[in-house]
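Asker: My questions are about this predicted structure, shown below with the sequence.
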Amino acid sequence: MALLMVAAAVWGVLQLFALAWPTRSVRLSTVLLALMVGVYGCGVVVALVEMAYTRLYAHGSGLPVAEVVDTGSYTVAPWVEELIKLSPLLLAGLYAKVRRQWGLADFVVLGSALGAGFGLLEALLRFAAEAKRAIPRPHGGWVIPDGLSPPYVPGPHQVFSSWLPAPFATLEMGQEAVSATFSHLVWTALAGLGVGVLLRGRGWTRLLAVVPVAGAIGYHTLNNYVAQHYDATGAVQWLEKLDAKSWLMPLVCLALAMLVDLRQLHHGKSRIPGVLLAAEREAGDSSAALIRYAAWRLPWTLLIAVRFVRLRRALCYMTALAPATETEELRCLTANIAARIDTSDRADAWQGLDIRSLLRKSRAGSGRWRWQLVIPCLLALPSLIFLGIGSFHSTSGLQTYIATGPRPKILLYSAPVALAWIAWQLTALLRTWRATAAQPIGEQVALHRFRITTALGSGAAGAFMLHRGLGGADVTTDTLLSPAHLLEALDQTLFWVGLLLLLVSLAALIGPGMGFAGLALAGVGAVGGLTVVAAVNAALLGSAGIVLMGASATAGQAGRVLNHRVGGKSTGSRPAPRRSGTASRRTAGSALSSRWRIEREGRERPKANGLTTTRPPTCCAENIAPA
């Protein structure tokens, strides 16, 4: 069941992710990491805040904590939860490059991911350990026998044939077992549009951000109020009408966001020089040019085309809000990649290209990531068995095995190792804070900050559980909290289930690997005869950028041979000399930030007579001969 609940949350986010393709600029890895932030960042903060105010109010008023929790579930909890779920987007938007390079559709998709992660946490806390009690349904799914309206977890058919499926639903008496719409995903997708309008709007248009955010909070409040007051006929009717249309709300938000984004993309491509491919200019900016290039050498040319399109969209969004002086750096990098794509848009660039050898060279200094992958996988292995293989009714014996005997104690003893690993990863992330902020792509900054949020949230939760476990709590029978809306889920969650969820969080902190291979290339100076500037451009496309460098170099060599045979002169750039050992040992982040700083400062050089001379940036495609 746990596996299907995770699949339902991810599937709903992927549906919006796919529909937003015409204007989306964020990658799938960023969206999935935002889902993890919803689980371990937003979920932990909401739990701490709700636990604090319910305890304080109960202590000051003399009311029972359970009564305060029930009342707070529809008076305080809705706006607390929605604002905290939006906080990662708001914090990322504090960086100008992030809010300028993301379109409204990006904010909607990322908001849905944050909401899906938060709702998934509630589902796992409630039902992750209920596989043994669950009753399989004839047409798929499982019913947990609790009361007259039991919880229902949908099966594979219900999940993958539904629009925005919820991890679980309440099955009323005589009701057919169908997957419900994921409420938390819908609410935060609405609020995500509001954040996008607030961060990207101008003047009075920012006031429109209040509408979707208030709508999400109001819908959330009505849902929680009906859960506590079954006899409120008017409220129940209103909620039924909203629930019947909830599947449409994210679609409307995404359609409105994409209309605005499409206008900005069309305007940006028409006025930014050097970012259209030669084939696009000849075909009148047709997508056929990109499709033809993507077919040269699958899957690499497809990756290059897709990532270039996303990079160009980020530039167009930034151009709509920032002056030309602030977008010049990103424009130069994008134009240089476009020039390399033009150079490699030919058959001989991909014939005989040894991609494996090229990628093997780029991995030469990244062997340390192997053991950094092994350790968290080993620590998370019990959780993966429990939440994966053991989450089905037929294999629930694995869950029973992990939950009995000395195994819960072993999980407790593994918690300090997990916390030490989280602390080490958090230290490494903090050390690269400034280097990441210097990169020209806002999405890389947001990824870095999302990882830090996940580490802080999972570390705080792990420290709390370790304190309770070593303080005398019974790991086998005690719950995470005694009565404490998310708090209700915590009240039903066994202590060792929380430890398992802590170990799963290590997956979000696994090193970036080949996604940042271009950064390593920038640090060592070159791959073969490719320049440092080319390596910097490869960092923007990841491993696909490395392949693009190799293909453009191959095409350049073929062109030089042809020119030599017909008596022409070569126009290819000479290979850059290898850097000294000191330069090659620099970290990827510092190498990139230094390179981009030199490029910016080098545009104006002081002369002896006090005047300045301006030279064009060397990263521009117009100033670099084809490789």
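Answerer: Done, it's in.

Asker: So which elements touch the longest helix seen in the chain?
Answerer: Secondary structure assigned by DSSP state H gives helix 442-470 as the longest helix of the chain. Contacts defined by 3 or more C-beta pairs under 8 Å, 6 or more residues apart in numbering; DSSP states H and E place helix 442-470 against helix 28-37, helix 43-61, helix 77-92, helix 96-101, helix 407-431, helix 433-437, helix 495-504. C-beta here means a position set from N, CA and C on the backbone, and glycine is covered the same way.

Asker: of all those helices, which lies closest to residue 400?
Answerer: Closest to residue 400 of the helices and strands packed on helix 442-470, according to C-beta to C-beta: helix 407-431, at 10.1 Å.

Asker: quick check: mean pLDDT across the closest one?
Answerer: Confidence for helix 407-431, expressed as mean pLDDT, is 84.

Asker: Quick check: which ranges of the stretch 451-600 of the chain have low pLDDT?
Answerer: Low-confidence regions of the stretch 451-600 of the chain, defined by pLDDT under 70, span residues 471-503, 505-539, 556-600.

Asker: just to revisit the earlier point, make a markdown table from the helices and strands packed on helix 442-470 and add mean neighbour count to it.
Answerer: Output for the helices and strands packed on helix 442-470, formatted as a markdown table (neighbours: other C-beta atoms under 10 Å):
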| stretch | mean neighbour count |
| --- | --- |
| helix 28-37 | 21 |
| helix 43-61 | 17 |
| helix 77-92 | 22 |
| helix 96-101 | 22 |
| helix 407-431 | 17 |
| helix 433-437 | 16 |
| helix 495-504 | 25 |
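
Asker: so which of those helices comes closest to residue 158?
Answerer: That would be helix 28-37 among the helices and strands packed on helix 442-470, by C-beta to C-beta, at 20.4 Å.

Asker: tilt between the closest one and helix 43-61?
Answerer: Orientation check (axes from the mean of the first three to the mean of the last three C-alpha atoms, to 10 degrees): helix 28-37 against helix 43-61 gives 20 degrees.

Asker: How far off centre is helix 28-37?
Answerer: Chain-centre distance of helix 28-37: 3 Å, with C-alpha atoms, centre = their mean, to the nearest Å.

Asker: next one: stretch 320-327
Answerer: Put simply, stretch 320-327 sits 25 Å off its chain's centre (C-alpha atoms, centre = their mean).

Asker: Including distance to residue 195, could the helices and strands packed on helix 442-470 go into JSON lines?
Answerer: Supplementary listing: these in JSON lines, determined by distance: least, C-beta to C-beta, whole Å:
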{"stretch": "helix 28-37", "distance to residue 195": "12"}
{"stretch": "helix 43-61", "distance to residue 195": "17"}
{"stretch": "helix 77-92", "distance to residue 195": "5"}
{"stretch": "helix 96-101", "distance to residue 195": "9"}
{"stretch": "helix 407-431", "distance to residue 195": "24"}
{"stretch": "helix 433-437", "distance to residue 195": "21"}
{"stretch": "helix 495-504", "distance to residue 195": "27"}
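
Asker: Specify the stretch among those helices that is closest to residue 327.
Answerer: Set against residue 327 and scored by C-beta to C-beta, the helices and strands packed on helix 442-470 come closest in helix 96-101, at 8.5 Å.

Asker: Mind listing residues that contact that closest one?
Answerer: Applying C-beta atoms under 8 Å, 6 or more residues apart in numbering, the contact partners of helix 96-101 are 25, 92-93, 199-200, 314-315, 317-318, 320-322, 330, 440-443, 445-446.

Asker: Kindly recompute the last result at 10 Å.
Answerer: The contact list for helix 96-101, computed with C-beta atoms under 10 Å, 6 or more residues apart in numbering, reads 25-26, 89-93, 95, 106-107, 195-196, 198-200, 310-311, 313-322, 326-327, 330, 437, 439-446, 449.

Asker: can you pull out the strands in the stretch 51-200 of the chain?
Answerer: 135-136, 142-143, 151-153, 169-170 (DSSP state E, counting those that start in this stretch).

Asker: Show me what the longest one is packed against.
Answerer: Under the contact definition 3 or more C-beta pairs under 10 Å, 6 or more residues apart in numbering; DSSP states H and E, strand 151-153 sits against helix 2-19, helix 104-127, strand 142-143, strand 169-170.

Asker: Give the partner strands of that strand in its sheet and their orientations.
Answerer: Looking at strand 151-153 with DSSP bridges, its paired strands and their directions are strand 142-143 (antiparallel), strand 169-170 (antiparallel).

Asker: from those strands, which stretch is densest packed?
Answerer: A comparison of these by mean neighbour count, using mean count of other C-beta atoms under 10 Å, puts strand 142-143 on top with a mean of 20.

Asker: if we can go back for a sec, could you tell me the angle between the longest helix of the chain and helix 28-37?
Answerer: Using the same axes, to 10 degrees, helix 442-470 lies at 30 degrees relative to helix 28-37.

Asker: List the buried residues of helix 442-470.
Answerer: Neighbour counts over helix 442-470 (16 or more other C-beta atoms under 10 Å) mark 442-466, 468-469 as buried.

Asker: can you state the direction angle for it and helix 77-92?
Answerer: Going by the same axes, to 10 degrees, helix 442-470 makes 130 degrees with helix 77-92.

Asker: Report the distance from helix 442-470 to the chain centre.
Answerer: Put simply, helix 442-470 sits 15 Å off its chain's centre (C-alpha atoms, centre = their mean).

Asker: tell me the angle of it relative to helix 407-431?
Answerer: 140 degrees.

Asker: Could you check how many residues crowd around the closest residue to residue 172 other than its chain neighbours?
Answerer: Excluding its sequence neighbours, the residue lying closest to residue 172 (C-beta to C-beta, 6 or more residues apart in numbering) is residue 149, at 5.5 Å. Here the number of neighbours of residue 149 (other C-beta atoms under 10 Å) works out to 12.

Asker: again, but for residue 396
Answerer: Per other C-beta under 10 Å, the neighbour tally for residue 396 reads 18.

Asker: show me what contacts it?
Answerer: Going by C-beta under 10 Å, 6+ apart, residue 396 touches 1, 129-134, 390.

Asker: among the residues you listed, who's most crowded?
Answerer: Neighbour max across the contacts of residue 396 (other C-beta under 10 Å) = residue 1, 28 neighbours.

Asker: picking up where we left off before, go through the helices and strands packed on strand 151-153 and pick out the most buried.
Answerer: Stretch with highest mean neighbour count among the helices and strands packed on strand 151-153: helix 104-127 (a mean of 29; mean count of other C-beta under 10 Å).

Asker: quick check: angle from it to helix 2-19?
Answerer: 170 degrees.

Asker: In a markdown table, list the helices and strands packed on strand 151-153 along with distance to residue 266 and mean pLDDT.
Answerer: Shown next, in a markdown table, are the helices and strands packed on strand 151-153 (distance: least, C-beta to C-beta, whole Å; pLDDT from 0 to 100):
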| stretch | distance to residue 266 | mean pLDDT |
| --- | --- | --- |
| helix 2-19 | 19 | 93 |
| helix 104-127 | 15 | 92 |
| strand 142-143 | 48 | 86 |
| strand 169-170 | 41 | 84 |
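
Asker: Residue 133 touches residue 153, doesn't it?
Answerer: No. Judged on C-beta atoms under 10 Å, residue 133 makes no contact with residue 153 at a distance of 11.5 Å.

Asker: what's the overlap in contacts for these two?
Answerer: Here residue 133 and residue 153 have 127, 142-144 as joint contacts, going by C-beta under 10 Å, 6+ apart.
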